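# here is a sequence with its predicted model. Questions after.
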Amino acid sequence: MRITEKPPARVLIDREAVAGRMGFRKAVNAAFSVLFLSATLLALLVLGVLFYRIVSQGFGHLSPAFFENFASRMPEKAGVKAALVGSLWLMAVVAPVSLILGIGTAVYLEEYAKKNRLNDFIRMNISNLAGVPSVVFGLLGLTIFVRALALGNSILAAGFTMSLLILPVIIVAAQEAIRSVPRELREASYGMGATKWQTIIRVVLPGAVPGILTGSILALSRAIGETAPLIVIGVPVIIQFLPAGVLDTFTALPMQIYDWAKRPQAAFQEVASAGIIVLLALLLAMNSVAVLIRNKFQKRY
Amino acid sequence: MVQVMERTRERAGLKQTAAPAVPDVRPLVYDTKLLNLWYGNHHALKNIDLPIRENEVTAIIGPSGCGKSTYIKTLNRMVELVDDVRTSGEILYRSRNIFDRNYPVEELRTRVGMVFQKPNPFPKSIYDNVAYGPRIHGIRNRQILDEIVEKSLRGAAIWDEVKDRLNTNAYSLSGGQQQRICIARALAIEPDVILMDEPTSALDPISTLKVEELVQELREDYSIVIVTHNMQQAARISDRTAFFLSGEVVEFDETDKMFSNPEHKRTEDYISGRFG
């Protein structure tokens, strides 16, 4: 027998044992895929139940009259007109204010701000702000806009408060979108003698717009559904007129729904459900626009 | 004049045997004097002295991290895009120190075009890519823009390949074509100098050859500084070569002399492939 120094190539792994364990490994694998699938299904199920309940309860109440009537003590006459128009007014204030401030801040932080402790501190705190409860923002709005600036419970005061609430989300989304524009493109622009502003407006923002818009629309749809800040700044519920300008008082969809839902008459539960359908439809429409923008304009570098 | 023609003929041939004297009389475009550069505490460029002359190709070679890219980015002050950069010494461009406090860096960059390592066209049409430079400098006249685009694309030897699809996205082109679009984009600002930072390192051999031939043609009208990690490329296309090592210029000479008879041992070791 010939003695070699080299050990045999296949000796340490027991093939039979490996084959024996195979069944168990595959079972564990299958178990986890079932676990994850059921997690997803549970979320979908809850959503489905919610949808079914809302639609079955409120669909009957949806009619042209529902959109034409103001709030009323009688459930059959209660309508969503003031709240829907109020929500749209609110958006008309929130969208420009939060977009301009949010994108401006993001551009500053990503393109202009030098890397130093102060700016790191600012960046970190913007992320922290995104986690502050909305009721706290309501108190802020009450102190600053309603009282100090004496705007009262107007559309403007509520709009500014809502803008503050979603500003951190928009800033973070815009920062990420701006960061995703490759550095090489900025270099190409600077290398031809472009100023910082020209580079931002011609190269950075066009590349970042899809990401910015997607994030912003999702943030706006959060603003449209928020109730707590509106309650804190004292937005009324029963309003029998439409606001004529941003300094008028108003009501909004979630406020109206909240009010209907807490009334003792069973019929108002149906009205509340109808209101929720309107709000959900509005949210879905906004989110679809976000998805559409993402799919259509997203650039791959 | 005779010397120049001789040199041109020599370039056309395959081999460069006898080292033709490159006259030192061409005017200076750039003169670097005792340049030092730090990234934070890292001393990246040490006492660089380097003259760059008109209508020549100056190659900068050296191993990774030797400071060659840093140097070329200093020539148009792109290096300042990195935070925490300090410099000392001076770089004279056409006799004016580019580090002067009131030197308009945007103007410097309109006189000095740059081509980057990775082709970096904008996600815009071929036309808009090439017209980008002129547009940011305020040229709106469509007729002039059309002329600039055609001239630049011809200059970058890609006009025939793209003339029928100027409105398609530059991203649809191959890597080699994209790089020539980037060269055309640099030509469109009618620069005096073209800086090329490893322009062929992301390209296949055929595209590399095209870019190298292009550099030869461009030399007629522009002064070119090219960073390359490919020593054969430096030998093929440049008039003078600077060998960088650990942030210092070890040797700077006529390319033919450098590759046939280097003065320093470290240069010889590097170009013969013993390290780097």
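Structure's in. What do you need?

# okay, now the closest residue to A:Val107 other than its chain neighbours: neighbour count?
Of all residues not flanking A:Val107 in the chain, A:Ile200 sits nearest, at 6.1 Å (Cβ to Cβ, 6 or more residues apart in numbering or on different chains). C-beta here means a position set from N, CA and C on the backbone, and glycine is covered the same way. Counted with other Cβ atoms under 10 Å in any protein chain shown, the neighbours of A:Ile200 add up to 21.

# and what of A:Pro7?
Residues near A:Pro7, counting by other Cβ under 10 Å, number 8.

# roughly how far does it sit from chain B?
38 Å (Cβ to the nearest Cβ, to the nearest Å).

# that residue should be in a strand, yeah?
No: going by DSSP: H, G, I helix; E, B strand; the rest coil, the assignment for A:Pro7 is coil, not a strand.

# stretch A:169-177: which residues count as buried?
By 16 or more other Cβ atoms under 10 Å in any protein chain shown, the buried positions in stretch A:169-177 come out as A:169-175, A:177.

# Serialize those to JSON lines and add fields for pLDDT and secondary structure.
Formatted as JSON lines, the buried residues of stretch A:169-177 follow (pLDDT from 0 to 100; DSSP: H, G, I helix; E, B strand; the rest coil):
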{"residue": "A:Val169", "pLDDT": "93", "secondary structure": "helix"}
{"residue": "A:Ile170", "pLDDT": "95", "secondary structure": "helix"}
{"residue": "A:Ile171", "pLDDT": "95", "secondary structure": "helix"}
{"residue": "A:Val172", "pLDDT": "94", "secondary structure": "helix"}
{"residue": "A:Ala173", "pLDDT": "93", "secondary structure": "helix"}
{"residue": "A:Ala174", "pLDDT": "95", "secondary structure": "helix"}
{"residue": "A:Gln175", "pLDDT": "94", "secondary structure": "helix"}
{"residue": "A:Ala177", "pLDDT": "94", "secondary structure": "helix"}
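
# name the nearest of these relative to chain B.
Within the buried residues of stretch A:169-177, the smallest distance to chain B is 14.2 Å, found for A:Ala177 (Cβ to the nearest Cβ).

# which non-adjacent residue is nearest the closest one?
On the basis of Cβ to Cβ, 6+ apart, the spatially nearest residue to A:Ala177 that is not a chain neighbour turns out to be A:Gly211, at 2.8 Å.

# let's have the buried residues of stretch A:169-177 in a markdown table, adding distance to B:Asp221.
Listed next are the buried residues of stretch A:169-177 as a markdown table, based on distance: Cβ to Cβ, whole Å:
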| residue | distance to B:Asp221 |
| --- | --- |
| A:Val169 | 52 |
| A:Ile170 | 49 |
| A:Ile171 | 47 |
| A:Val172 | 48 |
| A:Ala173 | 47 |
| A:Ala174 | 43 |
| A:Gln175 | 43 |
| A:Ala177 | 40 |
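
# now, the most widely separated pair of those?
The largest distance within these, taken as Cβ to Cβ, falls between A:Val169 and A:Ala177 and amounts to 12.6 Å.

# overlap of the contact sets of those two?
A:Gly215 (Cβ atoms under 8 Å, 6 or more residues apart in numbering or on different chains).

# in the chain, where is pLDDT below threshold?
This is for chain A. A:1-4, A:298-301 (pLDDT under 70).

# nope, chain B
Where chain B drops to pLDDT under 70, the residues are B:1-24, B:276.

# and with 50 instead?
Low-confidence segments of chain B (pLDDT under 50): B:1-20.

# so which residues on it come close to chain A?
B:76, B:78, B:81, B:83-84, B:106-110, B:113-114, B:116, B:118, B:120-123, B:132-133, B:136-137, B:182, B:185-186, B:189 (Cβ under 8 Å from any Cβ of the partner chain).
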